[in-house]
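**Student:** Only the shape, not the letters, is given here:
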């Protein structure tokens, strides 16, 4: 069997790592294609190195541009490589523009599509990733759901492909690195970890200013703010003339460093889907700067709180969370048992 996995962003590389390792361990043929959607050292190559997976066999090097022009490039530039490789299955992880372009191209070429992280739903129809994953799910032959809720979503929508509840490959990676890093909470730190990258947060000058101002208010209450800044976020903050004074900014960090920061943080302030889960697994309180979450398993009333509109009361809400004792997680088996990649590879072989 010949397989091809297509990635383009940092989260896709992370969630693909255990699948790539498992496929290669079984001596199967695998081609890795990078779209170039995020392709610089800090946002891409460093993760291939850290995850100890081979470099991509091909980078189609799409140009930066509008979402529509970049999607069109991904679809058109993948066509000839896929015709040449002739894979039996194209594996598409996640919900990015690269994932959508890869799924549509493979589908139109008559190649079977396998979607990793299928069935996640936030019900935010103005969010690019929500539309991406819905389209991918409805043109995939094999759908690998990370949670039972995701699996139920696929069944409700009567997807045409075969759906499986396999568990979350991100949980596979998390368990591996938790052991390698020997992650344990020190209890001595006093900081809030913040990340921002969603378009509806960073493209709106009023919205992003409110978020930055809230972070500064938290800092004034005695908690340091640690803010690894995504390149697109940095660009927007600069263009709006917003000051980051009083906030500890860093360049994007490696996966292992992010886990260390997250483990010892008193709180995570984020709009990331993946970090919501990792905070949940590490028992770190999370404030999600969105109106909904695709990971409803984390919304158990104690671990993840949605904050869609920043109000005067938001600071008090956050400081109350910071002062509370951390609650133990009831169960994280909702995301599988750490063998999702093995299950996925076995299904691919049959």
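**Tutor:** Cool, the structure landed. Keep in mind it's a predicted model, so treat the numbers as computed, not measured.

**Student:** How is the protein partitioned into domains?
**Tutor:** Here the domain assignment for the chain is 2-165, 183-333, based on automatic domain parsing.

**Student:** Tell me the gap between the longest one and the middle of its chain.
**Tutor:** In this case it means domain 2-165. 12 Å (Cα atoms, centre = their mean, to the nearest Å).

**Student:** ranking the domains of the chain by mean pLDDT, which is last?
**Tutor:** Ranked by mean pLDDT, these bottom out at domain 183-333, which scores a mean of 91.

**Student:** Can you get me the start-to-end distance on that one?
**Tutor:** Terminal residues of domain 183-333 are spaced 19 Å apart (Cα to Cα, to the nearest Å).

**Student:** Could you pull up the residues touching the closest residue to residue 102 other than its chain neighbours?
**Tutor:** Once flanking residues are discounted, residue 102 sits nearest to residue 6: 3.9 Å by Cβ to Cβ, 6 or more residues apart in numbering. Yep, even glycine has a C-beta here, placed from its N, CA and C like the rest. When contacts are counted by Cβ atoms under 8 Å, 6 or more residues apart in numbering, residue 6 touches 32-35, 78, 90-92, 98-99, 102.

**Student:** Flag every buried residue along the helix or strand where residue 77 lies.
**Tutor:** Assigned by DSSP states H and E, residue 77 belongs to helix 67-85. Neighbour-count burial for helix 67-85 flags 70-71, 73-75, 77-78, 81-82, 85 (criterion: 16 or more other Cβ atoms under 10 Å).

**Student:** between those residues, which is nearest residue 250?
**Tutor:** residue 70 (27.0 Å; Cβ to Cβ).

**Student:** right, and that closest one touches residue 60 too?
**Tutor:** No - here residue 70 does not reach residue 60: they are 11.3 Å apart, not a contact under Cβ atoms under 8 Å.

**Student:** contacting residues around the residue lying closest to residue 37 once chain neighbours are set aside?
**Tutor:** For residue 37, ignoring the flanking residues on the chain, the nearest one in space by Cβ to Cβ, 6+ apart is residue 8 at 3.4 Å. Residue 8 is in contact with 34-39, 62, 74, 96-99, counting by Cβ under 8 Å, 6+ apart.

**Student:** Residue 8 and residue 30: what is the separation?
**Tutor:** 17 Å (Cβ to Cβ, to the nearest Å).

**Student:** Kindly report the same for residue 296.
**Tutor:** For residue 296, the distance to residue 30 - Cβ to Cβ - is 33 Å.

**Student:** Ok, residue 167 next?
**Tutor:** Look at residue 167 and residue 30: by Cβ to Cβ, they are 21 Å apart.

**Student:** Can you pick out the residue with more neighbours from those two?
**Tutor:** Legend: neighbour count by other Cβ atoms under 10 Å for residue 167 and residue 30, higher for residue 167 (25 against 19).
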